[in-house]
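Structure of the sequence below:
(one chain, ligands or ions: 1)
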Amino acid sequence: MEPRIERTLISEVQIKQRVRELADDISRDYKGKIPTLVSILKGGIIFLTDLMRDLTVLHEIDFMSVSSYDSGMETTGVVRILADLSRNIEGKDVIIVEDIVDSGLTLDYIRHILLARHPRSLKICTLLDKKARRLVEVPIDYIGFEIPNEFVIGYGLDYQEKYRNLPYVAIMVPNE
Ligand code: IMP
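Next up, the predicted model:
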């Protein structure tokens, strides 16, 4: 049986509007610079592609793939690099673009790896922030929405690799 969608948490319209606002903030903060947006696969891609189309500054994109979840709903605490960036970020202004920050373990790990490569600056932008679940403090510069401690799907976020295509963010009830 498929899991149930309990209710829409953030609508397509709300996401669109907030992504535009975040893009405006980033465009203002990076005026005259050419930031590299690093998207964390796979969840971050939809947010990245919407965000970049709303940016008014020149920018580059790159991807990194890590795994922190064992395709279920519980964090394993294990973070592995599955695919690394394609280019050197030394001296670059880097913005990590994430779908969601939950425990913060993944982001903390990625942040330290990227800082060791000596970017000129490193900021973090996440669409969703599940603050109540935080295990490590990570500095987040741009936050789309703070959300409650619920498992969410849609707009890039998956449950067992599915539902990433939903244009909204929904709360999911797993099957017992
Ligand atoms: P963290 O290391 O606990 O912060 O987990 C970050 C990653 O866990 C995210 O990039 C997502 O891939 C996944 N994740 C965390 N919470 C959810 C959720 O509610 N729905 C779907 N994926 C989630």
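
near the ligand, which residues of the chain?
Residues of the chain lying close to the ligand (Cβ under 6 Å from any ligand atom) are 43, 68-69, 75, 98-107, 151-153, 157-158. Glycine gets a C-beta too; all of them are placed from N, C-alpha and C.

If any of these are buried, give me the PyMOL selection for them.
Restricted to buried positions by 16 or more other Cβ atoms under 10 Å, the PyMOL selection for the residues of the chain next to the ligand reads:
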select buried, resi 43+68+69+75+98+99+100+101+102+103+104+105+106+107+151+152+153+157+158
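
Check which helices and strands the helix or strand harbouring residue 109 is in contact with.
Assessed by DSSP states H and E, residue 109 sits inside helix 105-115. Secondary-structure packing of helix 105-115 (3 or more Cβ pairs under 8 Å, 6 or more residues apart in numbering; DSSP states H and E): strand 36-41, strand 60-69, strand 75-83, strand 93-101, strand 121-129.

Apply 6 Å and report the result again.
The contact analysis (3 or more Cβ pairs under 6 Å, 6 or more residues apart in numbering; DSSP states H and E) places helix 105-115 against no helix or strand.

Same question for it: list its buried residues.
For helix 105-115, using 16+ other Cβ under 10 Å, the buried residues are 105-111, 114.

Redo the residues you listed as CSV? Include pLDDT.
Below are the buried residues of helix 105-115 laid out as CSV (pLDDT from 0 to 100):
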residue, pLDDT
105, 87
106, 86
107, 91
108, 91
109, 88
110, 92
111, 94
114, 95
